[in-house]
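*Asks:* Show me how the following folds:
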Amino acid sequence: MYFVARQLEYKILNSVIRCYSFARKSHYEILRLRKNCTEKEIKEAFIKMSKEYHPDKNKDAAAQDKFVQIVEAYNVLSKAGSRAKYDSAQNSSDSTYVYRTYNPYNMRRNSNTQYSYQYQTHSQNSQNTSQSNSFYGVKGLKKVPNYVIILLCCSLAMVGCLLQMFVIREMYMIQRRQANEKSKYLAEELEKVRAAAKENANEVQTRLLLEKIVQAANPTVATASLGQALASEKK
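*Replies:* Okay, here's the model as predicted:
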């Protein structure tokens, strides 16, 4: 009789466990996702829900169990291979997916420690990604490598040198053009002065010759010489 009662209790317990397994939510339902969701959506849902049910923030025992389910679901769905196997097991009527219905206290404590480390790692990676995307205080502006900054500085310095050389060359050409124009103007003025001096010299020589003739004693010779001088001057 005792063995019959024990066997009956065992069957009832198996039936309860089996019903609980069938009634348990799938990994997609735990993370509140659709079956055709992307990897980015899975990661975002894991981070959001792990913050909500993390044992350090939520001391409820149900929240701890929920956190274990969230991490378990993420470990399966975040990898393409395990996700494909899980989907195949869900879609196949002959296949069954084994759920862990009970975790001893020590195993649950170790699991919480492991999941807490994974949660902190994911949070730290997301923070590092956010900081790298807004490194200069502008959202979406990522950190520029040092060699790119060096190349930009060298390019700006080279462009500055080329502009400076161009400005110096243009100033030199302008000054040279102005000097040539000034030299040409001075040469023209010098030619004018020389021509005027030559004309003045001829007039002075004629005047001196006339004075000598007038001072001569013979009026006839003076008159003839004066007429000849005037004729040559007209020529």
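*Asks:* And the longest helix belonging to the chain, what does it pack against?
*Replies:* Longest helix in the chain, counting residues (DSSP state H): helix 146-214. Secondary-structure packing of helix 146-214 (3 or more CB pairs under 8 Å, 6 or more residues apart in numbering; DSSP states H and E): helix 219-234. All C-beta atoms are positioned from the backbone trio N, CA, C, and that covers glycine.
*Asks:* Quick check: mean pLDDT of the helix it packs on?
*Replies:* In this model, helix 219-234 has a mean pLDDT of 56.
*Asks:* residue ranges with poor pLDDT in this structure?
*Replies:* 1-24, 93-141, 209-210, 212-235 (pLDDT under 70).
*Asks:* Kindly state the domain boundaries assigned to it.
*Replies:* Here the domain parsing of the chain from automatic domain parsing is 2-133, 146-234.
*Asks:* On the three-state scheme, the closest residue in space to His27 that isn't next to it in sequence is what?
*Replies:* Nearest residue to His27 in three dimensions, chain neighbours excluded: Ala73, at 3.6 Å (CB to CB, 6 or more residues apart in numbering). When classified by DSSP: H, G, I helix; E, B strand; the rest coil, Ala73 comes out as helix.
*Asks:* Ala73 touches Leu31, doesn't it?
*Replies:* Yes. Taking CB atoms under 8 Å as the definition, Ala73 is a contact partner of Leu31 at 5.3 Å.
*Asks:* overlap in contacts of those two?
*Replies:* Phe46 (CB atoms under 8 Å, 6 or more residues apart in numbering).
*Asks:* So what's the residue count around Asn75?
*Replies:* 14 (other CB atoms under 10 Å).
*Asks:* my guess is it meets Ser82, correct?
*Replies:* Yes. Assessed by CB under 8 Å, Asn75 is found in contact with Ser82 at 7.4 Å.
*Asks:* Quick check: the gap between Leu60 and Lys66.
*Replies:* Actually, residue 60 is Asp rather than Leu. 9 Å (CB to CB, to the nearest Å).
*Asks:* got the CA coordinates for stretch 35-48 in CSV?
*Replies:* Extracted C-alpha coordinates of stretch 35-48, given in CSV (Å, rounded to 0.1, in the frame of the first residue of the first chain):
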residue,chain,number,x,y,z
LYS,A,35,9.9,35.5,-33.0
ASN,A,36,11.3,37.5,-36.0
CYS,A,37,13.1,40.1,-33.8
THR,A,38,16.6,41.2,-34.6
GLU,A,39,19.8,40.7,-32.5
LYS,A,40,19.7,44.4,-31.6
GLU,A,41,16.2,44.1,-30.2
ILE,A,42,17.2,41.1,-28.2
LYS,A,43,20.1,43.0,-26.7
GLU,A,44,18.1,46.1,-25.9
ALA,A,45,15.3,44.0,-24.3
PHE,A,46,17.8,42.1,-22.2
ILE,A,47,19.5,45.3,-20.9
LYS,A,48,16.1,46.9,-20.1
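*Asks:* Of all the residues in that stretch, which ones are buried?
*Replies:* By neighbour count on 16 or more other CB atoms under 10 Å, the buried set for stretch 35-48 is 42-43, 45-47.
*Asks:* Check which residues of stretch 78-91 are buried.
*Replies:* 83, 86-87.
*Asks:* Next up, the contacts around Asp87.
*Replies:* Lys35.
*Asks:* Can you tell me the element it falls in?
*Replies:* Taking DSSP states H and E as the definition, one finds Asp87 inside helix 80-91.
*Asks:* Report the backbone C-alpha coordinates of that helix in CSV.
*Replies:* Provided in CSV are the C-alpha atoms of helix 80-91 (Å, rounded to 0.1, in the frame of the first residue of the first chain):
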residue,chain,number,x,y,z
ALA,A,80,22.5,32.3,-33.9
GLY,A,81,23.2,28.6,-33.4
SER,A,82,21.3,28.1,-30.1
ARG,A,83,18.5,30.3,-31.3
ALA,A,84,18.0,28.2,-34.5
LYS,A,85,18.0,25.0,-32.4
TYR,A,86,15.5,26.5,-30.0
ASP,A,87,13.2,27.7,-32.8
SER,A,88,13.4,24.3,-34.4
ALA,A,89,12.5,22.6,-31.1
GLN,A,90,9.6,25.0,-30.7
ASN,A,91,8.2,24.4,-34.2
